[in-house]
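J.: For reference, the sequence and a predicted model appear below.
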Amino acid sequence: MKLLRYGNVGEERPGMVDAEGGVRDLSGIVSDIAGATLAPESLRELGKIHAKDLPLVAGSPRIGACVAGVGKFICIGLNYSDHAAESGMAVPAEPVVFMKATSALCGPYDDVMIPQGSEKTDWEVELGVVIGKEARYVTEQDALSHVAGYCVVNDVSERAFQLEGTGQWVKGKSADTFGPIGPWLVTAEEVPDPQVLNLWLEVDGHRYQNGSTATMVFGVAHLVSYLSRFMSLQPGDIISTGTPPGVGLGQEPPVYLRPGNVIRLGVQGLGEQRQTVVPCSFR
């Protein structure tokens, strides 16, 4: 299944994508794509529904973040060896873990806003993993049974805030609009092997990133198991699993986002995103 949320900001409703790409309303079945809806038994029941039997959503509504009620937005750094090399950092011996504020979450086609004082806003296409069943001290062999599905993530980053000051990476990762997810949550049965997915990103039509999850240092099953040793993973939590090479920081010379740029990105089988970069509107 491909599940999504549609509607104005703060008024999103749950939906399902039909075989023709139309949006079908799920609000008569579930309250949102969140929490208990992501549990294995709930997804099995949703899987029995014929999308054509649901109301068709007219027009072209805004598509929101594909998961609501996200408790934790966990990111993995330097998880592609060639990206670590372009960043001038060693391949880590174990996963590099940091958090991204959940207030950064937004829809896949919403504008990306340059923060005040930013000169080094960057892009990162990533595979997102959505937890569906509580995970605590799970084995690597059992880890994928705790995954509800997968989505596209753009881990937008401000490199000066992230790397040039003091403190944690979270400062450069958490500005509003720095976490587009979706367009869909693609349920796990449609992604039998998350380690064979191509992913890519373009800015103004130029392809900067072109990689495969096959080259991850730590695969999805390892990450879920590893993280569950340090914190319980709850339904709706998102793990953003790292980015392949080609980020702006790694260009010679570096290239960063400016207002007016258009970002397009996608992950095989999980859909595409498109964002226009705009200046900060907060004062």
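T.: It's in.
J.: For this structure, just list every one of the helices.
T.: Secondary structure of the chain (DSSP state H): helices at 40-47, 81-86, 159, 220-227.
J.: which of these sits most buried?
T.: Comparing those by mean neighbour count (mean count of other Cβ atoms under 10 Å), helix 220-227 ranks first with a mean of 21. Quick note: C-beta positions are derived from backbone N, CA and C, even for glycine.
J.: and the lowest-mean-pLDDT helix or strand in the chain, how far out from the chain's middle?
T.: Counting by mean pLDDT, DSSP states H and E, the chain has its least confident helix or strand at helix 81-86, which shows a mean of 78. Centre-to-centre, helix 81-86 and its host chain are 20 Å apart (Cα atoms, centre = their mean, to the nearest Å).
J.: how many other residues sit next to the closest residue to Ala84 other than its chain neighbours?
T.: Nearest residue to Ala84 in three dimensions, chain neighbours excluded: Leu78, at 4.3 Å (Cβ to Cβ, 6 or more residues apart in numbering). By other Cβ atoms under 10 Å, 19 other residues sit near Leu78.
J.: I'd say Leu78 and Val96 touch.
T.: Yes - with contacts counted by Cβ atoms under 8 Å, Leu78 reaches Val96, the gap being 5.3 Å.
J.: related to what we said a few turns ago, what residues does the least confident helix or strand of the chain touch?
T.: Here helix 81-86 makes contact (Cβ atoms under 8 Å, 6 or more residues apart in numbering) with 78, 90-92, 211, 215, 217, 242-247, 249-250.
J.: Tell me where the stretch 51-200 of the chain has strands.
T.: 73-77, 96-99, 105-106, 112-113, 121-122, 125-131, 147-154, 157-158, 179-180, 185-187, 198-203 (DSSP state E, counting those that start in this stretch).
J.: Might you report the residue contacts of the residue nearest to Ala84?
T.: Contacts of Leu78 by Cβ under 8 Å, 6+ apart are 84, 87, 89, 91-92, 96, 217, 242.
J.: next one: Pro115
T.: 121, 158, 161, 175, 280.
J.: of those residues, closest to Met16?
T.: Closest approach to Met16 among the contacts of Pro115 (Cβ to Cβ): Ala175, at 31.2 Å.
J.: what's the neighbour count on Pro55?
T.: The tally of other residues near Pro55 (other Cβ under 10 Å) stands at 12.
J.: That one and Asp25 touch, don't they?
T.: Yes - between Pro55 and Asp25 a contact is recorded at 4.4 Å, counting by Cβ under 8 Å.
J.: quick revisit: which among the contacts of Pro115 count as buried?
T.: 121, 158, 161, 175 (16 or more other Cβ atoms under 10 Å).
J.: Now compare these and name the two farthest from each other.
T.: Thr121 and Phe161 (9.2 Å).
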